[in-house]
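# Can you look at this prediction? I've put the sequence above it.
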Amino acid sequence: MTHYIHDATSVRVDFFKPSGKWYETEAVKWIGGYDGDIHEAFAESLRQHLGNRMCDMDAVCLEPYHRFAHPIQIKSGEWK
């Protein structure tokens, strides 16, 4: 499994405005766990890393740090 930047548990997350326009990319530490519900793990990682910042945007992670990794997206407001 590859990782983003120097931390093996960091993942690349791209953020998109409600219009669909790309806004920015951030390295987010995947703290939501390696097993269990991948959607909740992603949401928990976003909450811990961002708080309320960018909660009005869609978040996309192409390579989550998870046992059953697959590209995942959380729509705006669903991870606060």
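Now that the structure is in, tell me what you want to look at. Numbering: from 1, shown residues only.
# Residues in contact with stretch 53-69: which ones?
Identification of contacts with stretch 53-69 by CB atoms under 8 Å, 6 or more residues apart in numbering yields 1-4, 8-18, 23, 28, 30, 33-35, 38, 41-42, 46, 70-77, 79-80. Any C-beta I mention is one placed from the backbone N, CA and C, and that applies to glycine too.
# at 7 Å what do you get?
Here stretch 53-69 makes contact (CB atoms under 7 Å, 6 or more residues apart in numbering) with 2, 9, 11-17, 23, 30, 34-35, 38, 41-42, 46, 71-77, 79-80.
# now it: mean pLDDT?
Mean pLDDT, stretch 53-69: 90.
# Likewise for stretch 20-32?
For stretch 20-32, the mean pLDDT works out to 91.
# Output it as PDB, nothing but the C-alphas.
What follows is stretch 20-32, C-alpha atoms only, in PDB (Å, rounded to 0.1, in the frame of the first residue of the first chain):
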ATOM      1  CA  GLY A  20     -17.900  20.400  -8.500                       C
ATOM      2  CA  LYS A  21     -14.800  22.700  -8.900                       C
ATOM      3  CA  TRP A  22     -11.700  21.400  -7.300                       C
ATOM      4  CA  TYR A  23     -10.600  23.500  -4.300                       C
ATOM      5  CA  GLU A  24      -7.500  22.000  -2.700                       C
ATOM      6  CA  THR A  25      -5.600  18.900  -1.700                       C
ATOM      7  CA  GLU A  26      -4.600  18.100   1.900                       C
ATOM      8  CA  ALA A  27      -2.700  15.300   3.600                       C
ATOM      9  CA  VAL A  28      -5.000  13.900   6.300                       C
ATOM     10  CA  LYS A  29      -3.800  11.400   8.900                       C
ATOM     11  CA  TRP A  30      -6.000   8.300   8.700                       C
ATOM     12  CA  ILE A  31      -7.000   7.800  12.300                       C
ATOM     13  CA  GLY A  32     -10.300   6.200  11.800                       C
END
